[in-house]
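Asker: Provide a 3D model corresponding to the input given below.
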Amino acid sequence: MEEQQNENQLNIELSEEVAEGIFSNLAIITHSNTEFVLDFIRVMPGLPKAKVKSRIILTPEHAKRLLAALEDNIQKFEGVNGRIKTQEEPPFPMGFGGPTAQA
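Answerer: Below you'll find the model as predicted:
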């Protein structure tokens, strides 16, 4: 039985660069009939541009599994740390620009 468990075990490697992670404060999700595309973006206040820092492409089945895993993890997090507060409006203007001129 132990041999069978070793056959089904997946060895996942995590490089040092990937382990550092990439900060994102905006995600844009699009989809077609065959895939979901998640673009993770870092928006900096006052800068007129924001770059996609990472793009993840998933099958619809994997997107649904990701949703379930996120819901489960958020429920566990909130059970320990309390409810996560969300805002109706994004914490930055969606125009991405700096201050506007006034007359």
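Asker: residue ranges for the strands of this protein, please.
Answerer: With DSSP state E as the criterion, the chain has strands at 26-31, 36-42, 51-58.
Asker: just how off-centre is the last one within its chain?
Answerer: What separates the centre of strand 51-58 from the centre of its chain is 9 Å, taken as C-alpha atoms, centre = their mean, to the nearest Å.
Asker: tell me the angle of the lengthiest helix in the chain relative to strand 26-31?
Answerer: Criterion DSSP state H: the longest helix present in the chain is helix 60-81. Interaxial angle, helix 60-81 versus strand 26-31 (axes from the mean of the first three to the mean of the last three C-alpha atoms, to 10 degrees): 150 degrees.
Asker: elements contacting helix 60-81?
Answerer: With contacts taken as 3 or more C-beta pairs under 8 Å, 6 or more residues apart in numbering; DSSP states H and E, helix 60-81 sits against strand 36-42. C-betas here are computed from N, CA, C, even on glycine.
Asker: Name the residues that touch the strand it packs on?
Answerer: Strand 36-42 has contacts (C-beta atoms under 8 Å, 6 or more residues apart in numbering) with 22-31, 50-60, 62-63.
Asker: Please convert the strands of the chain to JSON lines, extending it with mean neighbour count.
Answerer: Output for the strands of the chain, formatted as JSON lines (neighbours: other C-beta atoms under 10 Å):
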{"stretch": "strand 26-31", "mean neighbour count": "12"}
{"stretch": "strand 36-42", "mean neighbour count": "16"}
{"stretch": "strand 51-58", "mean neighbour count": "13"}
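Asker: Which among the ones you listed is found nearest to residue 88?
Answerer: Checking the strands of the chain against residue 88 by C-beta to C-beta gives strand 26-31 as the closest, at 15.7 Å.
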